[in-house]
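Student: predicted model, plus sequence, below.
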Amino acid sequence: MASPGTTPSAAPDPAELKTFTFPNGHVSFKYPADWKVELFTGGGSPSESATATVIDASGTEQATVYSGPIADGVSHPVTRTVFESAPVPGLAAQPAPAAHYAFYVDRMDSHATYRMHLAAGAPKPGQGAALDGIIRAGDGVILADVKFIEKPFANDAAAKSWLAGTEGQALKALLLSISYK
C-alpha cells in the first residue's frame, strides 16, 4: 500500500482499466491500466488454484485475489467498526452468504487491524467474532484482500481519508469488479 495521504479523487475511468481473467476463465476483475498482475499457480496440471497479485505503477503490491478449490478461515474476538460495505454485483449469483466488498477496522485489546477485502455477507459492527472472507463460487472459492503495511493508518479518520483518495477508490473498484462466470 502506498502512503495513506493520497489526494481524494474518483475511481479510475472505465476506459483506463484492464481486465484480468484467471486461466480457468471463471474469475475476473478490473484494475487500473498502469498497474500489472502477476499470477502464481499451484502444482498439478492443469493447476486447480491460482493467486493473482496486483501491483501498482510504483511496484508496490496492492492486493491479492485467489481462486481455487480450498481455503482456510480464521476466527477471533474483535470489536469492529465498519467504514463501508456493498454487495459485489459480479458474484450475486453465487451461494449465500452474498459476497460483499468491505472496509473496516477490527480492534482486539489496543491493536487495530484495518481490512479491505471480500467478505462473506455484510460485515457487522460491534463486538463479535471476526471471520475472514471465503466466498464460495462454482465448485471452488475466491479470496481477495488489499495488502496493507503493518500499521497503515494513524487512526480511523486517516483510513477514511485514504479510502476517499485515488488509491482507496481504485482498490474498492477492483474488489467490486470481481466476477464469476
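Tutor: Nice, thanks for sending it over.
Student: please count neighbours and contacts with C-alpha atoms only from this point.
Tutor: Will do.
Student: so Ala170 sits in a helix?
Tutor: Yes. Counting by DSSP: H, G, I helix; E, B strand; the rest coil, Ala170 is part of a helix.
Student: quick one: it and Pro69, what's the gap?
Tutor: Here Ala170 is placed at a distance of 28 Å from Pro69 (C-alpha to C-alpha, to the nearest Å).
Student: of those two, who's got more company?
Tutor: Between Ala170 and Pro69, Ala170 has the larger neighbour count (other C-alpha atoms under 10 Å), namely 22 against 15.
Student: biggest strand in the chain by residues?
Tutor: Among the segments of the chain that qualify as a strand by DSSP state E, the longest is strand 75-87.
Student: what strands line up against it, and which way round?
Tutor: In the sheet containing strand 75-87, its partner strands are strand 99-108 (antiparallel), strand 126-131 (antiparallel), by DSSP bridges.
Student: what's in contact with the last one?
Tutor: What it means is strand 126-131. Here strand 126-131 makes contact (C-alpha atoms under 8 Å, 6 or more residues apart in numbering) with 73-81, 106.
Student: could you give the mean pLDDT of it?
Tutor: Mean pLDDT, strand 126-131: 79.
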